[in-house]
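Q: dropping the sequence and predicted coords here.
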Amino acid sequence: MNPLAHLGQFVVKRADGAGFVCELLLRTALYTPRLRRRLRFMLDTAYNAGVRSLPVTMVVAAFAGAILAMQTGIELRRFGDTAVLGTITALSMCREMGPFITGVILAATVGSSIAAEIGTMTVSDEVAALEVMSIDPVDYLVLPRVVALALMCPILTVLSNLIGIFGGSVIAEHNLGVSPQLYWVSAKEALTSSGMLLPKEVYVGLLKAFVFGIAIATVSCAAGLRAAGGALGVGLAVQTAVRNSVLLIIVLGFIVTWFFYFLAG
Amino acid sequence: MIELRDVSKRLGSRQILAGMTLAVKKGMNFVLMGPSGSGKSVTLRHVIGILRPDQGVVLVDGQEVSAMDNKQLMALRKRMGYLFQNGALINWLSVFDNVALPLREHARLPKSELEDRVQQVLRLVKLDHAAAQFPPSISGGMKLRAGLARALVTNPEYVLYDEPNAGLDPIISHQIHELIAQVRDELNVTGLIVTHSRACATQCGDRIGILENGKLAIEGSVAEMVQSEHPLARAFLGGGSD
């Protein structure tokens, strides 16, 4: 096959995959009025997602906050302005790092497990069994998972933000000589000094986390539903789910930031 | 009545069905045999509307399955049961909950009535003692019987059986065959059975058809097929088969 045909095949395959994810998202949205029937399963999924990813999210968030404070603090110290370290760490965590870290960890832990679970169901005819019972797999399998992650991602993000800011405070005190009181006052001011209850950064960060949760669950369910060919197919579905989730987290994160800070002011 | 008229289907680069024509009359068990990959399971999936033919029509009670929209397909599937090769039970639901699933989703029965109905079909397949167990902890034969109970719980008019004894020992296979015959005789359910097994075909079937090159090569009553000198009939139903 010539390279152009290869490229064409690649583009068609990717477009087909993207179309399937969009269709899945739309169909899931249409089923949301039926969520009450799936409430118990949704809460179980949300609980499992939270418990499974909480420890690693907290560890990574603590170190991310510490790194952020360290890198920023080194530069601020050159200008003698370490007093704003708390502000910068808090806002960066809330706006970007918290949702990003949480999203990536959810994709790696929960997204991969969703793709494996649904992929195994697909290759062992369990999804087909639902269809022949007139049960739409989107309603039964996808909807509770999408709602669960849409809820859990913002909750975990709030915890990530707090732990990240705390991680920054440890570095601020021990390596940069910023007193904990100064750091926390500065962070608190940054997170309350707004006409709104919380500053825009917090809301934008939570919106990002909400969008990431939906994206991770939808992409992972889509990968699972398209699995074929036994164990190998399930492995490929997991790989696809994690790769596409991380890709979407970065692209959607950029789009949300661009929209709120450049397009909508 | 289930009918396939001149159905063709290509999957990827392979022509699976090529002019397949088949009629299953009400109240009978029709057994579909044929070499692996000859399109037996694909035929079943056309009947229940998971696959649509490239050419030809699939009819159930005169309604064209291949032309149905999603809503019509859902209505049709509520009148049908499907037994998958391995039972295809949902792993995180108990046997009871697996069997109750179609009723909980569609029937809106009072709890006690639902429980009675589920217990009734579990007794029919002799699985009432295992209602609380989960699929990973039960044997292949039990999974199949649970799958059959799930297929029967909605009182279907038709049940499609996809290799109902694949991977089972002769004793468990015999129990499954008896159950399939019992379902036809006592519940008047029409069956379309895909199998490689001579025992299954002769014990459960009323008519047998053998597929070759994407269409029925030979068809007849069980007695006719067992006595037939056609090479395919000898290969699948001769004394040394099974």
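A: Noted; the coordinates are in hand.

Q: hey, let's count contacts and neighbours off CA atoms from now on
A: Will do.

Q: tell me where the chain has helices.
A: Picked chain A for this. Taking DSSP state H as the criterion, chain A carries its helices at A:3-31, A:39-79, A:85-92, A:98-106, A:112-123, A:126-132, A:137, A:143-174, A:180-192, A:200-225, A:230-258.

Q: my question was about chain B
A: Secondary structure of chain B by DSSP H: the helices cover B:40-47, B:70-77, B:95-106, B:111-124, B:140-152, B:170-187, B:198-204, B:222-227, B:231-237.

Q: anything in the second one sitting right up against chain A?
A: Yes - for helix B:70-77, a contact with chain A is found by C-alpha under 8 Å from any C-alpha of the partner chain, at B:73, B:74, B:75, B:77.

Q: what sits up against that helix?
A: A:132, A:133, A:134, B:48, B:49, B:65 (C-alpha atoms under 8 Å, 6 or more residues apart in numbering or on different chains).

Q: flag every residue of chain B that's near chain A.
A: Neighbours of chain A within chain B, by C-alpha under 8 Å from any C-alpha: B:48, B:50, B:73-75, B:77-78, B:80-82, B:84, B:88-90, B:102, B:105.

Q: out of the helices of chain B, which is closest to residue A:124?
A: Shortest distance between residue A:124 and the helices of chain B, using C-alpha to C-alpha, is found for helix B:140-152: 13.0 Å.

Q: residues from the stretch 51-200 of chain A in reach of chain B?
A: When proximity is defined by C-alpha under 8 Å from any C-alpha, the stretch 51-200 of chain A lies next to chain B at A:121, A:124, A:125, A:126, A:128, A:129, A:131, A:132, A:133, A:134, A:135.

Q: any chance of these in JSON lines, plus neighbour count and pLDDT?
A: Formatted as JSON lines, those follow (neighbours: other C-alpha atoms under 10 Å in any protein chain shown; pLDDT from 0 to 100):
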{"residue": "A:121", "neighbour count": "22", "pLDDT": "95"}
{"residue": "A:124", "neighbour count": "21", "pLDDT": "91"}
{"residue": "A:125", "neighbour count": "19", "pLDDT": "90"}
{"residue": "A:126", "neighbour count": "22", "pLDDT": "94"}
{"residue": "A:128", "neighbour count": "21", "pLDDT": "92"}
{"residue": "A:129", "neighbour count": "24", "pLDDT": "93"}
{"residue": "A:131", "neighbour count": "18", "pLDDT": "91"}
{"residue": "A:132", "neighbour count": "25", "pLDDT": "90"}
{"residue": "A:133", "neighbour count": "26", "pLDDT": "91"}
{"residue": "A:134", "neighbour count": "21", "pLDDT": "89"}
{"residue": "A:135", "neighbour count": "21", "pLDDT": "91"}
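
Q: farthest pair in those residues?
A: Within those, two members stand farthest from each other by C-alpha to C-alpha: A:124 and A:134, at 17.8 Å.

Q: so where's the chain shaky on pLDDT?
A: Just going to use chain A. A:1, A:193-196, A:265 (pLDDT under 70).

Q: ah, no, chain B please
A: In chain B (pLDDT under 70), the answer is B:239-242.

Q: tell me the centre residue of it?
A: The residue lying closest to the centre of chain B (C-alpha atoms, centre = their mean) is residue B:161, at 1.6 Å.

Q: buried deepest among the helices of chain B, which one?
A: Stretch with highest mean neighbour count among the helices of chain B: helix B:140-152 (a mean of 26; mean count of other C-alpha atoms under 10 Å in any protein chain shown).

Q: report the angle between the axes of that one and helix B:95-106?
A: Using axes from the mean of the first three to the mean of the last three C-alpha atoms, to 10 degrees, the inter-axis angle of helix B:140-152 relative to helix B:95-106 is 20 degrees.

Q: before we move on, the earlier item: compare the helices of chain A and give me the one nearest residue B:206.
A: Comparing the helices of chain A by their distance to residue B:206 (C-alpha to C-alpha), the top pick is helix A:126-132, with 24.8 Å.

Q: and the next helix-or-strand element following the closest one, how far out from the chain middle?
A: Counting by DSSP states H and E, the next helix or strand C-terminal to helix A:126-132 is helix A:137. Relative to its parent chain, helix A:137 has a centroid offset of 23 Å by C-alpha atoms, centre = their mean, to the nearest Å.
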